[in-house]
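*Asks:* Fold the following for me, if possible:
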Amino acid sequence: MRSHTLTTMILIALSYPIQALAVDSSDLAQVTAKLESGDEIVRIVCFGDSVTGVYYHTGGRRAWPDMLGIALKKQYPKAKIEMFNAGMSGNTTGAGLERIDRDVIARKPHLVAVMFGLNDMVSGNRQAYRDNLKAIIRRCRESGAAVVLCTLNSVYPNQPRPMPVVAEFSQIVRDVAQENSVPVADCFRAYEAVRSKNVTEWMLMMSEDIHPCMEGHKLYAETVAKAISGKPVSLADVSPPADTLQFTLARLKAGQPVHVIAMPPYDQILRDVLLKLFPKAEVNVTTWPVDGQSLAAMVKWSEGIRGQKPNLVVPAVPANVKTKNEESFIRDYHWIVSWSAAYECAQWDMLPILPSVTGPVAPSTLHRTELARRIIGGSDVEYVDRKSGDVRPARQILLEAVRKLR
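*Replies:* Next up, the predicted model:
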């Protein structure tokens with residue numbers, strides 16, 4: 001762990017002054033009143049780039065806008081809410097303005113949560129970023145919508161998005177918000193508060209260098225919900241959607257062949273399980289090699305998964321896999337689950353299997369197993385685990401798990 005580098009970045013991030021924003025809350029107050037009463041549907045558009053959109057880094061099914069809807073329902077039980085995700089990969093504020101009429105204004109929103117910046121900073125044009133944020137606020141207000149601006153999430157050391165620049169662009173968001181009397185969801189400070197207390201917890205919120213996994217998206221949603229309502233909310237109890245095998249089962253029930261990519265021993269075990277449940281099925285399996293492979297080598301192999309167009313991917317990383325250190329384990333394992341998912345919205349299934357299912361986990365690898373459980377949870381999919389005291393063979397555990405998922 002490069003602790004001195006991380007410490008420097010944390011100090012940079014937290015050195016920006018906390019400003020008391022002069023917020024014109026009248027528009028937002030009207031929104032919260034509607035949420036409180038439940039008398040009418042409240043339309044909320046989340047407008048941004050790939051961090052907002054539904055992509056691989058959260059498993060391809062949901063992102064922070066979905067979590068925001070859940071958070072607001074917790075805070076306002078009577079609320080009737082329509083959430084719209086207007087996130088698009090690679091977008092800058094300028095590209096966002098080009099599509100704002102179609103993707104935002106046309107929805108007739110009551111509220112727009114705006115989160116851009118990670119792509120704007122690549123060009124380094126701070127004035128354009130500032131001006132475009134102001135234009136987005138103006139266009140939303142002209143349409144009758146309240147606005148919440150969101151600062152950026154913090155990132156791993158990388159180019160062309162170094163942490164000092166991420167901090168600087170987040171400060172621009174705060175400045176624009178203050179100048180335009182707009183509330184801020186300070187996601188940057190929320191992320192850095194986690195990192196300053198526990199770097200491992202921060203890493204478990206990131207899928208790779210710049211994109212958060214679902215654990216990070218939950219923090220986003222909690223932060224935005226608090227900016228809207230003024231009240232804290234927790235999404236720790238929100239489970240993955242119950243559709244883990246939706247693509248695989250649909251094909252099997254329709255009599256179509258299924259292509260499975262799986263790490264041993266589940267390349268054979270899962271094939272047997274599927275044939276037991278669907279005796280006439282055509283199950284084609286590609287083995288994801290693990291014998292003698294380091295975790296980094298498994299990541300390298302996984303980069304070709306999307307080109308194989310599978311119907312089901314089964315990562316089952318052994319507990320004793322070779323890796324440099326804890327940071328490498330977390331980062332590489334995140335890449336395993338990220339490459340196991342389609343780039344955009346889910347197009348196939350992923351069923352991770354924890355080492356406990358394969359056999360007893362040595363005390364020396366218990367910590368890794370818990371990290372794996374947390375990482376997989378960040379991909380927002382259900383997984384197969386062995387319950388305490390369960391001595392059944394892996395085949396029976398997997399058979400029961402697949403039956404339940406049916």
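
*Asks:* and the closest residue to residue 322 other than its chain neighbours, what does it touch?
*Replies:* The shortest distance from residue 322 to any non-neighbouring residue, by C-beta to C-beta, 6 or more residues apart in numbering, is to residue 294 (4.2 Å). The C-beta positions use only the backbone N, C-alpha and C, and glycine is treated the same way. Contacts for residue 294 (C-beta atoms under 8 Å, 6 or more residues apart in numbering) come out as 321, 322, 323.

*Asks:* pLDDT score assigned to residue 388?
*Replies:* Listed pLDDT for residue 388 reads 89.

*Asks:* how many neighbours does it have?
*Replies:* Counted by other C-beta atoms under 10 Å, the residues lying close to residue 388 total 6.

*Asks:* where does it land in three-state SS?
*Replies:* coil (DSSP: H, G, I helix; E, B strand; the rest coil).

*Asks:* just the one 10 residues further on next, same as before
*Replies:* In three-state terms, and counting by three-state DSSP, residue 398 is helix.

*Asks:* and it, how many neighbours?
*Replies:* Around residue 398 there are 23 residues (other C-beta under 10 Å).

*Asks:* now do residue 86
*Replies:* The number of residues near residue 86, taken as other C-beta under 10 Å, comes to 23.

*Asks:* ok, now the one 5 residues further on?
*Replies:* Applying other C-beta under 10 Å, we find 24 other residues in the vicinity of residue 91.

*Asks:* Over to residue 266?
*Replies:* 26.

*Asks:* shouldn't it be in contact with residue 353?
*Replies:* Yes: between residue 266 and residue 353 there is a contact under C-beta atoms under 8 Å: 5.9 Å.

*Asks:* Check whether residue 282 really touches residue 254, as I assumed.
*Replies:* No: at 11.6 Å, residue 282 does not count as touching residue 254 under the criterion of C-beta under 8 Å.

*Asks:* and the two? which has more neighbours close in?
*Replies:* In this view residue 282 and residue 254 are compared by other C-beta under 10 Å, and residue 282 has more residues nearby, 14 against 7.

*Asks:* Could you tell me the per-residue confidence at the more buried one?
*Replies:* 98.

*Asks:* wait, what's in contact with it?
*Replies:* For residue 282, the contact set (C-beta under 8 Å, 6+ apart) comprises 256, 257, 258.

*Asks:* again, only using 7 Å
*Replies:* 257, 258 (C-beta atoms under 7 Å, 6 or more residues apart in numbering).

*Asks:* go on, residue 397?
*Replies:* Residues in contact with residue 397, defined by C-beta under 7 Å, 6+ apart, are 357, 384, 386, 390.

*Asks:* Against residue 383, how distant is it?
*Replies:* 12 Å (C-beta to C-beta, to the nearest Å).

*Asks:* okay, now residue 303: neighbour count?
*Replies:* Residue 303 has 10 nearby residues by other C-beta under 10 Å.

*Asks:* Residue 328: which element?
*Replies:* helix 326-339 (DSSP states H and E).

*Asks:* I'd like the average pLDDT over the next helix or strand after that helix.
*Replies:* Remark: after helix 326-339, the chain's next helix or strand is strand 349-350, criterion DSSP H and E. The pLDDT scores in strand 349-350 average 98.
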